[in-house]
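Novice: A predicted structure for the sequence below; I have some questions about it.
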Amino acid sequence: MDNNTHSKTIGYILWIFGFMGAHRFYYGRPISGTLYFFTLGLLFVGWIVDLFLISDMDRKADHRYLAGDKDYNVTWILLTFLGVFGIHRFYIGKWVTGIIWLLTGGLFLVGYLYDYWTLNEQIDEVNKTS
């Protein structure tokens, strides 16, 4: 069974914003993603090193998360570009919090950061129940 839950292409696109930790959040590494966010990718050094680590992070994410009805890549694109509107939450079936995100700008951006930390697990849970 092919369990290709994450995309190297999206990983590299998010790497462009990697000094903010985007690719690390995407691959399920919220602690280092937060560290990168507050240190500009470990003063850009870690960001450059990660260019060579994305293939391994992608492989590990594919083994860690469960493929299913909800696509990780679509959900992450929605969070990254439309997250303050809650579109990603509507996509994974969380209508109540989607409306809250829509009306509060991602719960005043705190919820937006929360979703960066937990989105892979949220998708994984939805895929387990479907």
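Specialist: Ah, there it is. Numbers count the residues shown, from 1 in each chain.
Novice: Please name the residues that touch residue 94.
Specialist: residue 122 (Cβ atoms under 8 Å, 6 or more residues apart in numbering). From N, CA and C alone the C-beta is placed, and that goes for glycine too.
Novice: show me what contacts residue 12?
Specialist: 23, 54.
Novice: Could you check how far it is from residue 51?
Specialist: 8 Å (Cβ to Cβ, to the nearest Å).
Novice: Please enumerate the helices of the chain.
Specialist: 8-16, 22-26, 30-43, 45-50, 54-64, 72-82, 87-91, 95-108, 110-129 (DSSP state H).
Novice: Show me which residues of the fifth one are buried.
Specialist: By neighbour count with 16 or more other Cβ atoms under 10 Å, helix 54-64 contains the buried residues 54, 57-58, 61-62.
Novice: And for residue 24, the neighbour number?
Specialist: For residue 24, the count of nearby residues is 28 (other Cβ atoms under 10 Å).
Novice: which one is it nearest to, not counting chain neighbours?
Specialist: What sits nearest to residue 24 in space, not counting adjacent residues and going by Cβ to Cβ, 6 or more residues apart in numbering, is residue 33, at 3.6 Å.
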